[in-house]
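# okay, sequence plus prediction incoming.
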Amino acid sequence: MGFSPYDTYIKEWVPTQSQKGKTALVTGASSGIGFETAKALAALDAHVVLAGIDPEHKFDEAIRKIIAATGCSKDNLEYMHLDLGSQLSIRQFADNWRERKNTDLHILINNAGIPGMPGLTKDGWEMCYGINYIGTTMLTRLLLDYMTPVKKGYQGTGDQISFSGNSKLRSDLQTESEKLATNDLELEPARIVFVSSSAHKFTLGLSFDEKYLTSPGSGFFSLRYGESKLAIVMFAQQLAKRLEAALASPVRKTKIDKSNITSGPLAGPIHVYTVHPGTTNSPFWSAFPDFFKNYIINKLSQTPEVGARTSLYCATEPKIAYQTGLYYEDCKVSSPSFWANDAEKANLLWKNTCAWTATPESLF
Ligand SMILES: NC(=O)c1ccc[n+]([C@@H]2O[C@H](COP(=O)([O-])OP(=O)(O)OC[C@H]3O[C@@H](n4cnc5c(N)ncnc54)[C@H](OP(=O)(O)O)[C@@H]3O)[C@@H](O)[C@H]2O)c1
């Protein structure tokens with residue numbers, strides 16, 4: 001799972017960019033990396049929605065701690081119940097979001113996740129696949145329509161469009177859709193961050209066998225955790241590509257001419273980032289065997305505060321606002337596993353995931 005706590009850059013980069021006026025949603029925000037992510041976003045003045053499966057009193061306590069640490073207003077923090085192991089709960093969450101006074105969502109941090117454990121989710125998926133992958137991607141699809149770029153204060157360099165490692169200079173842009181994309185650079189993109197893991201590299205690739213995906217895994221050291229995180233990496237790349245295609249689509253211009261679109265895939269850039277947070281001493285490891293916790297995790301891992309840095313970097317750093325579809329470790333672009341380069345499998349994964357989560361294949 002990547003032992004990188006001694007990287008100096010990650011210790012040097014700290015979140016400083018004001019997020020005032022933005023709404024951020026952090027899943028699994030009652031503990032560990034998610035709590036520290038929510039805390040830092042609150043310190044940056046974002047309105048933060050903490051979501052998760054824990055009982056309300058645990059979130060009340062998390063909110064109290066964030067207020068004590070940051071001095072932010074209680075009005076800037078909210079709790080919403082979410083069980084990523086239940087499609088019913090995820091749909092309920094999306095319905096509740098639709099009922100909000102202000103539905104705009106500027107930052108979505110898909111942080112919640114579990115290590116390998118035996119059993120099945122309420123919907124009958126293997127635990128890791130069901131919570132870490134199916135639940136997370138379903139939530140993302142249902143909230144996509146609310147993702148909103150901000151129409152001011154773009155602070156990136158603006159001279160480069162970078163997609164999955166391929167860059168273009170603005171002066172090279174020629175077609176109408178490329179020009180539309182150039183205008184989009186004047187917007188501050190909405191950002192979706194997926195918290196994956198370097199464990200996605202320790203797999204034998206993706207399986208599409210539903211019998212396997214709905215049978216219980218064997219626990220901590222099984223391949224199931226890595227497989228769920230590999231699926232996240234590949235889904236995130238697909239989502240980034242499809243969001244780029246939405247912006248360049250001729251349908252977009254027609255729709256924009258007809259109505260004022262302010263959120264969702266056609267409104268402007270929604271950028272996607274995948275991160276490995278680094279090995280972090282958090283409740284994630286609580287059910288692991290004692291020898292593993294005492295001799296490896298306690299000695300070698302970083303604090304949850306440092307574990308939150310790469311998520312925060314991807315969610316707030318102006319320098320990378322123009323990037324999408326890339327994988328980060330230690331606040332730097334990194335290479336995901338070679339398994340993630342299989343375009344055919346990535347397309348199949350998208351198609352199957354849409355069927356599994358009853359979401360449409362097309363984004364608009
Ligand atoms: N810690 C590491 O070394 C490490 C390394 C690589 C990647 N990661 C990833 O980093 C992310 C954060 O992990 P962490 O270390 O901060 O662990 P953590 O403290 O256990 O946080 C995970 C959060 O997800 C929540 N959660 C679990 N099941 C859920 C469900 N069904 N619906 C909604 N929320 C649920 C947990 O709630 P409960 O408190 O009720 O369980 C908890 O708040 C995870 O995605 C993990 O895979 C961690």
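Structure's in. What do you need?
# hey, let's count contacts and neighbours off CA atoms from now on
Fine.
# in this structure, what helix or strand scores lowest on average pLDDT?
One helix or strand of the chain scores below all others by mean pLDDT, DSSP states H and E: strand 160-163, with a mean of 42.
# which strands or helices does the helix ranked longest in the chain pack on?
In the chain, taking DSSP state H as the definition, the longest helix is helix 224-248. Here helix 224-248 touches helix 127-128, helix 176-184, strand 190-195, strand 270-276, helix 343-357, going by 3 or more CA pairs under 8 Å, 6 or more residues apart in numbering; DSSP states H and E.
# who does the third one pair up with?
Looking at strand 190-195 with DSSP bridges, its paired strands and their directions are strand 107-110 (parallel), strand 270-276 (parallel).
# what sits up against the helix or strand following that strand?
As assigned by DSSP states H and E, the chain's next helix or strand after strand 190-195 is helix 210-213. Contacting residues not belonging to helix 210-213 are listed as 125-126, 129, 207 [CA atoms under 8 Å, 6 or more residues apart in numbering].
# out of the residues you listed, which touch the ligand?
Applying CA under 6 Å from any ligand atom to these, one finds that nothing falls near the ligand.
# and the buried ones among these, selectable in PyMOL?
Buried members of the contacts of helix 210-213, defined by 16 or more other CA atoms under 10 Å, are picked up in PyMOL with:
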select buried, resi 125+126+129
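# which of the contacts of helix 210-213 has the weakest pLDDT?
Least confident entry in the contacts of helix 210-213, by pLDDT: Ser207, with 95.
# gap between it and the ligand?
19 Å (CA to the nearest ligand atom, to the nearest Å).
# one more: Leu230?
In this view, Leu230 and the ligand are 11 Å apart by CA to the nearest ligand atom.
# again with Leu223
The gap separating Leu223 from the ligand is 13 Å, by CA to the nearest ligand atom.
# who in this structure is up against the ligand?
Counting by CA under 6 Å from any ligand atom, the chain sits next to the ligand at 28-34, 52-54, 82-85, 111-114, 131, 195-197, 276-284.
# just the buried ones from those?
Looks like those have 28-34, 52-53, 82-85, 111-114, 131, 195-197, 276-282 buried, using 16+ other CA under 10 Å.
# from those, which land in strands?
Mapping these onto strands (DSSP state E) picks out 52, 195, 276.
# check contacts around Ser86.
Going by CA under 8 Å, 6+ apart, Ser86 touches 121-123, 135.
# what does Asn298 give?
Listed by CA under 8 Å, 6+ apart, the contact partners of Asn298 are Asn281.
# repeat that with 6 Å
By CA atoms under 6 Å, 6 or more residues apart in numbering, the contact list for Asn298 is empty.
# now swap in Gly32 and tell me
By CA under 6 Å, 6+ apart, the contact list for Gly32 reads 282, 304.
# ok, which stretches of the stretch 251-364 of the chain are strands?
Counting by DSSP state E, counting those that start in this stretch, the stretch 251-364 of the chain has strands at residues 270-276, 323-324, 326-329, 332-334.
# quick check: which of those strands is buried the most?
strand 270-276 (a mean of 28; mean count of other CA atoms under 10 Å).
# what's next to it, contact-wise?
By CA under 6 Å, 6+ apart, strand 270-276 touches 189-198, 240, 324-329.
# any stretches of the chain with poor pLDDT?
1-11, 152-182 (pLDDT under 70).
# make it 80
Low-confidence segments of the chain, defined by pLDDT under 80: 1-11, 151-186, 256-257.
# counting neighbours, what do you get for the closest residue to Leu139 other than its chain neighbours?
Excluding its sequence neighbours, the residue lying closest to Leu139 (CA to CA, 6 or more residues apart in numbering) is Ile90, at 6.1 Å. Counted with other CA atoms under 10 Å, residues neighbouring Ile90 total 21.
# now Ser259
For Ser259, the neighbour count with other CA under 10 Å is 8.
# could you pull up phi and psi at it?
Torsion angles at Ser259 (phi, psi; degrees, to the nearest 10) stand at phi -140, psi 160.
# please tell me how far Pro189 sits from the ligand.
For Pro189, the distance to the ligand - CA to the nearest ligand atom - is 23 Å.
# residues in contact with that residue?
Residues in contact with Pro189 (CA under 6 Å, 6+ apart) are 149, 269-270.
# could you rerun that using 10 Å?
106-107, 147-151, 154, 267-272, 318, 321-324 (CA atoms under 10 Å, 6 or more residues apart in numbering).
# with Ser30 instead?
Shown in contact with Ser30 (CA under 10 Å, 6+ apart): 36, 38, 50-56, 58-63, 79, 112.
# same thing with Glu361?
Listed by CA under 10 Å, 6+ apart, the contact set of Glu361 reads 350-355.
# if you set the cut-off to 7 Å instead, what comes out?
By CA atoms under 7 Å, 6 or more residues apart in numbering, the contact list for Glu361 reads 351, 354.
# Val48 reaches Ala24, doesn't it?
Yes. Applying CA atoms under 7 Å, one finds Val48 in contact with Ala24, separated by 4.9 Å.
# next, work out how far apart the residue nearest to Leu139 and Glu186 are.
Distance of Ile90 to Glu186, given as CA to CA, to the nearest Å: 33 Å.
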